[in-house]
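Visitor: predicted structure and sequence below. I'll ask about it afterward.
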Amino acid sequence: MPLDPVALTETLRTHLSPHADFLLLEKMAVTGAGERLFAAFRPAQGVNASFQLELGPDFDATLSRLDASRRMKKFRATARKFDAAGAWRWGEAANQVEALDLFFRQKAARFRAMGLPDVFAKTETKEFFRRLASTPKRGDDYALRLFTLEIGGNPARTVAIAGLSRHGHRVTCQFGSIDDEVLPGSSPGDFLFHLLIESLSGGGISIFDFGVGDQPYKRAWCNVETALYDFMLPLNAKGVAMANAHEAIGHAKRWIKERPKVYGAIQSARARFRA
């Protein structure tokens, strides 16, 4: 029997109101079933959308959804740079936990360079992802697998890492990192995505999901943009005020992100402050 939206809301209010003021379900894609289920919640458009690429029955069909000539031209140019620097190879990391620890180091360096806090810094956060990376596959599905791109030899240098999850016909990129000290400006992360998407096209995957957040590389790869919403349920008068504040902050953040000059100035100021 399908859940009754009114009964769900009343049950949540009854059980949560003694302990909380405000229930927030963040970054949810609106579907017919979900919209009906949370009909009594207050929706607010999220700050960021998520981005997906529809995969075709082969790589040519996938590229036909994009600017295929531009993508192949960029891939060949990067391949020539890597060839000139020595042999390169890519694939699923032989040691998942070691690859994950390298990702943490690469990402920490990237955050420092950008003047941003390291969201992976906490020990419990690292342990959570290590457990995911150590979880065995279930058929074709997996919670987290890391794929790497290496260049050169004696020893090889890992220049890009991507962490993927698979559930049914969908693969989601959970995170990625790069080391661009070897060949600055060579876009090793974009190169690795090209290889991953090529290998997944025609393999039973219909969606490659780049996840939440608006980045130029995502827009270059994706042909689907999915709006995300926050569903809010105030549980008392204080919760109503919190919902109003959350919605106002979201509006302000979207306003800033829609204006690149303003967003860039704020990012620069934040980096200087942290430095």
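Guide: That came through fine.
Visitor: just for this structure, where's the confidence low?
Guide: Scanning the chain for pLDDT under 70 picks out 1-3, 32-34, 271, 274-275.
Visitor: any idea where the strands of it begin and end?
Guide: Remark: strands assigned in the chain by DSSP state E are 22-29, 42-45, 50-54, 88-92, 142-151, 157-167, 170-178, 207-212, 224-226, 228-234.
Visitor: hmm, residue 37 is touching residue 6, no?
Guide: No. Residue 37 is beyond contact range of residue 6, at 10.8 Å (criterion: CB atoms under 8 Å). For the C-beta atoms, the positions are set from N, CA and C on the backbone; glycine is no exception.
Visitor: starting at the chain centroid, how far to stretch 86-94?
Guide: In terms of CA atoms, centre = their mean, to the nearest Å, the centre of stretch 86-94 is found 23 Å from the chain centre.
Visitor: picking up where we left off before, got CSV for the strands of the chain, with mean neighbour count and distance to residue 13 too?
Guide: Formatted as CSV, the strands of the chain follow (neighbours: other CB atoms under 10 Å; distance: least, CB to CB, whole Å):
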stretch, mean neighbour count, distance to residue 13
strand 22-29, 15, 9
strand 42-45, 16, 13
strand 50-54, 20, 30
strand 88-92, 15, 46
strand 142-151, 21, 33
strand 157-167, 21, 32
strand 170-178, 19, 33
strand 207-212, 18, 29
strand 224-226, 13, 30
strand 228-234, 20, 8
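Visitor: buried ones in stretch 63-73?
Guide: 63, 71 (16 or more other CB atoms under 10 Å).
Visitor: could I get the strands of the chain as CSV with distance to residue 241?
Guide: Below are the strands of the chain laid out as CSV (distance: least, CB to CB, whole Å):
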stretch, distance to residue 241
strand 22-29, 9
strand 42-45, 13
strand 50-54, 29
strand 88-92, 49
strand 142-151, 38
strand 157-167, 37
strand 170-178, 34
strand 207-212, 27
strand 224-226, 30
strand 228-234, 8
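Visitor: go through those and name the closest to residue 79.
Guide: Residue 79 lies closest to strand 88-92 among those, at 8.0 Å (CB to CB).
Visitor: okay, now the sheet partners of the closest one, with direction.
Guide: If you go by DSSP bridges, strand 88-92 pairs up with strand 142-151 (antiparallel).
Visitor: for the strand it pairs with, C-alpha coordinates in CSV please.
Guide: The C-alpha coordinates for strand 142-151 follow below in CSV (Å, rounded to 0.1, in the frame of the first residue of the first chain):
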residue,chain,number,x,y,z
TYR,A,142,29.6,-1.5,-6.1
ALA,A,143,29.5,1.1,-3.4
LEU,A,144,32.8,2.7,-4.3
ARG,A,145,35.7,1.8,-6.7
LEU,A,146,38.6,4.0,-7.5
PHE,A,147,40.1,4.3,-11.0
THR,A,148,43.5,5.9,-11.7
LEU,A,149,45.5,7.4,-14.5
GLU,A,150,49.2,7.0,-14.2
ILE,A,151,52.0,8.4,-16.3
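Visitor: let's number from 465 now, not from 1
Guide: Shifting the count to begin at 465 puts that one at strand 606-615.
Visitor: nice, that's everything, thank you.
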